[in-house]
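**Student:** can you look at this prediction? I've put the sequence above it.
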Amino acid sequence: GDSWGIFAFLCAALCHLPAVPALNGTEELGAGQSIQKTYDLTRYLEHQLRTLAGTYLNYLGPPFNEPDFTPPRLARAERVPGATVDLELWRGLTDNARLAANYRAYSRLLCYLRALDGQAGTAELRHRLGHFCSSLQGLVLSIAGVMSSLGYPLPAGPTAAPGSPGAANDFLKKMDEFWLLKELQTWLWRSAKDFNRLKKKVPPAVVTLRLEARGF
């Protein structure tokens, strides 16, 4: 009947329509979500480190667990990536340069922390260090994801666990461990600020639509 004829006409018309370009909004959305995730992980690690540092400094004992203890940074401690860079100089870097510096620093800091994990004297401390190392590994991977989503090349990480010269005595060894925690605390504080600024540049709700022609 007439209804069958209309249906056949519509089917024929649809079959001959030109291909419609597909809308792909994954790139910018992925970058925004990746930055937000990395920011959240950085803040979580800040909180986690406060508990870990308190436990570890008590393990080291006095004077390292005293609130006002501020030892000089010895030359041997310079092997740990330092976060004590002038803030204006740091902010003057490009996003790519800051992300690369964060990636390299956390990759090396993770190697040092894993070495501490193997030396910790109590089961509770080994458990806390192991959990923190897993979270920090997640941060390294998350930073790599942010760089990839923004089109930045990934810098080379440490090819092997960085060596540490043998401490002349137990006090100097504890000094190294003190500075490792101190620098890690500063890196996380500054990284949280970096990712907070970066997420405002690429908010998760912003989607840039890209046309992909298909069927041609």
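**Tutor:** All right, it came through fine.
**Student:** I'd assumed Pro62 was in a helix, is it?
**Tutor:** No: membership of Pro62 in a helix is not supported by DSSP: H, G, I helix; E, B strand; the rest coil, which gives coil.
**Student:** which residue is the nearest non-sequential neighbour of the spatially most central residue of the chain?
**Tutor:** With distances taken as CA atoms, centre = their mean, Leu139 lies nearest the centre of the chain, 3.3 Å away. With sequence-adjacent residues excluded and distances taken as CB to CB, 6 or more residues apart in numbering, Leu139 is closest to Leu41, at 5.3 Å. All C-beta spots, glycine's among them, are computed from the backbone N, C-alpha and C.
**Student:** wait, the one you found sits on Leu141?
**Tutor:** No: using CB atoms under 8 Å, Leu41 is not in contact with Leu141, being 9.7 Å away.
**Student:** who has more neighbours out of these two?
**Tutor:** Using other CB atoms under 10 Å as the criterion, Leu41 and Leu141 rank with Leu41 on top: 21 against 12.
**Student:** OK, contacts around that one?
**Tutor:** By CB atoms under 8 Å, 6 or more residues apart in numbering, the contact list for Leu41 reads Ser135, Gly138, Leu139, Ser142.
**Student:** any idea how far Trp179 is from it?
**Tutor:** According to CB to CB, to the nearest Å, Leu41 stands 24 Å off from Trp179.
**Student:** same check, this time on Leu109
**Tutor:** When CB to CB is the yardstick, Leu109 and Trp179 sit 11 Å from each other.
**Student:** overlap of the contact sets of these two?
**Tutor:** Once CB under 8 Å, 6+ apart is applied, the residues that Leu109 and Trp179 both contact turn out to be Val80.
**Student:** how about the nearest residue to Leu110, chain neighbours excluded?
**Tutor:** Leu136 (5.1 Å).
**Student:** where does the one you found land in three-state SS?
**Tutor:** Bear in mind the rule, three-state DSSP; under it Leu136 is helix.
**Student:** ranges for the strands of this protein?
**Tutor:** 22-24, 210-212 (DSSP state E).
**Student:** where among the ones you listed is average confidence lowest?
**Tutor:** If those are sorted by mean pLDDT, strand 22-24 sits at the bottom with a mean of 34.
**Student:** from what I can see Ala83 touches Lys182, true?
**Tutor:** No: the pair Ala83 and Lys182 fails to qualify as a contact (CB under 8 Å) at a distance of 9.0 Å.
**Student:** so how far is Gly61 from Glu177?
**Tutor:** In this structure, Glu177 lies at 12 Å from Gly61, with CB to CB as the measure.
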